[in-house]
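S.K.: Just need the structure, nothing else, for what follows:
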Amino acid sequence: MPFRPLLAITMGDPAGVGPEILLKALVRPAIHERCRPLVIGDTRILQRAAEMAGHTGPAPRFEVVPHPRDAKFDHDRITVLDLANAPPADCLIGQVSAASGRASVEYVFAACDLALQHEVDAMVTSPINKAAMNLGGHAYAGHTELLAARTRAGKVSMLLVGPSLRVVHVSTHVALEEAIGRVTRQRVGEVIDLAAEACRALGIATPRIAVAGLNPHAGEGGLFGSQEAREIVPAIEDARARGLHVSDPQPPDTVFLRAVRGAYDIVVAMYHDQGHIPMKLLAFDEGVNVSLGLPIIRTSVDHGTAFDIAGTGVARDESLVAAIDVALQMVRARAATPAGS
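M.R.: Numbering: from 1, shown residues only. Below is the predicted model:
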């Protein structure tokens, strides 16, 4: 039988669309043919999602296990590591709550710990709500920051993967004024290295890396800003000295189009919206978020909890399916990489 990686898939915020998209994705036979999915969540919430979202076909069947090693991973069942931490009465659909926020973080912690202990090959996360997470006592800006703290990773960044575009960010969840200040020679250099690492993790041995400028027209020779000459170009020169294939600073309004047309394998964006806008435009339902710099493989949907449509059954599972596919791609690329290389 072909190798089927074991993936820990978190349920996300119990009040959001995570439970629904999980059910939609995991009734697809093709998912079970490619991997062994282990849901980290609460079976009561999954059952509620099936009932309220009008799940079609036979009711989902669950295999509840205390540990991955105890699972059979039958194709006709959804295997759940049930933390039993989200009482439905405390986690009302479509509402921000401390109970949901705490539960969603506990799913992430459990999946992360299993990955650190090599009990699972990778983790895939459904959406959490930042306000609920903070109400629940976890003051993090998002998954990436939470996982960086849990794994004690030093240099992390967010990678977005779509069918035709890959983007990694110098900064993400900070105010724009702070994001500008984070464009430093050291940080840009770190993210260029992370971009190369990301491509190799996806099976691209010699990546072509584009670096977006911060300012309009990449500064236009200093007319519209000095960060390109002062910080970004020196970081690019350092990366080239390390043997990487890196572009000069590219005008932000054209670099993503050039990447989509095949000129580059990945784009280094300077801040959150610079990279997210083209990705959301091109792959809103299929985008995948990857945390780079962690000692584990973690991919995620690239959308939020969508409280406004939670419980209606209209949430789409394409991004979760894509996140599973990217995780599997990274697991296989890692397995194919000789030890110590």
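
S.K.: tell me which residues in stretch 137-152 are buried?
M.R.: The neighbour-count check on stretch 137-152 (16 or more other Cβ atoms under 10 Å) flags H138, Y140, G142, H143, T144, E145, L146, L147, A148, R150, T151 as buried. C-beta: built from backbone N, CA, C; applies to glycine.

S.K.: now that stretch: mean pLDDT?
M.R.: The pLDDT scores in stretch 137-152 average 88.

S.K.: Distance check, the most centrally placed residue in the chain against E145.
M.R.: For the chain, the residue nearest the mean C-alpha position is N289 (2.7 Å; Cα atoms, centre = their mean). According to Cβ to Cβ, to the nearest Å, N289 and E145 sit 13 Å apart.

S.K.: just T337 next, same as before
M.R.: Counting by Cβ to Cβ - T337 and E145 are separated by 27 Å.

S.K.: got it, and G225?
M.R.: For G225, the distance to E145 - Cβ to Cβ - is 28 Å.

S.K.: cool, Q227 as well?
M.R.: 24 Å.

S.K.: ok, now V64?
M.R.: 31 Å.

S.K.: One more: I128?
M.R.: Distance from I128 to E145, by Cβ to Cβ: 12 Å.

S.K.: repeat for L320
M.R.: The gap separating L320 from E145 is 21 Å, by Cβ to Cβ.

S.K.: for V174, helix, strand, or coil?
M.R.: Here V174 is recorded as coil under DSSP: H, G, I helix; E, B strand; the rest coil.

S.K.: check contacts around the nearest residue to it once chain neighbours are set aside.
M.R.: Nearest residue to V174, sequence neighbours excluded (Cβ to Cβ, 6 or more residues apart in numbering): R182, at 7.0 Å. Residues in contact with R182 (Cβ atoms under 8 Å, 6 or more residues apart in numbering) are V170, S171, V174, Y271.

S.K.: Max pairwise distance over those: which two?
M.R.: V170 and V174 (10.3 Å; Cβ to Cβ).

S.K.: Between the two, tell me which one has more neighbours.
M.R.: The neighbour comparison of V170 against V174 (other Cβ atoms under 10 Å) goes to V170, with 29 against 14.

S.K.: The nearest residue to R48 once chain neighbours are set aside: what's it in contact with?
M.R.: Using Cβ to Cβ, 6+ apart and skipping the chain neighbours, the partner closest in space to R48 is P88 (5.5 Å). By Cβ under 8 Å, 6+ apart, P88 lies in contact with P14, R44, I45, R48.

S.K.: Which of the helices or strands spans the second one?
M.R.: By that I understand R44. In the assignment (DSSP states H and E), R44 maps to helix 43-52.

S.K.: separation between L320 and I21?
M.R.: 5 Å.

S.K.: list the residues that contact both of those two?
M.R.: Residues touching both L320 and I21 (Cβ under 8 Å, 6+ apart) are S126, V301.

S.K.: Quick one, grab the pLDDT at A53.
M.R.: 58.

S.K.: And V27, by the same measure?
M.R.: In this model, V27 is scored at 89, pLDDT.

S.K.: cool, and G203?
M.R.: So G203 comes in at 85 (pLDDT).

S.K.: show me what contacts the residue nearest to it when sequence neighbours are not counted?
M.R.: Using Cβ to Cβ, 6+ apart and skipping residues adjacent in sequence, the residue nearest G203 is A333, 4.4 Å away. With contact set as Cβ under 8 Å, 6+ apart, A333 has these partners: R200, A201, L202, G203.

S.K.: Next, the contact list for the third one, please.
M.R.: Which is L202. V161, R166, V326, Q329, M330, A333.

S.K.: Just the buried ones from those residues?
M.R.: Judged by 16+ other Cβ under 10 Å, buried ones among the contacts of L202: V161, R166, V326, Q329, M330, A333.

S.K.: Hmm, the third one is touching T299, no?
M.R.: Think V326. Yes: with contacts counted by Cβ atoms under 8 Å, V326 reaches T299, the gap being 4.9 Å.

S.K.: where do the contact lists of those two overlap?
M.R.: Joint contacts of V326 and T299 (Cβ under 8 Å, 6+ apart) are V161, V288, V290.

S.K.: ok, the residues you listed vs H75, which is closest?
M.R.: Nearest to H75 among those, with distances taken as Cβ to Cβ, is V288, at 24.0 Å.

S.K.: and the gap between the closest one and R4?
M.R.: Relative to R4, and taking Cβ to Cβ, V288 is found at 20 Å.

S.K.: how about the helices in the stretch 151-300 of the chain?
M.R.: 176-181, 185-201, 227, 233-241, 252-260, 272-283 (DSSP state H, counting those that start in this stretch).
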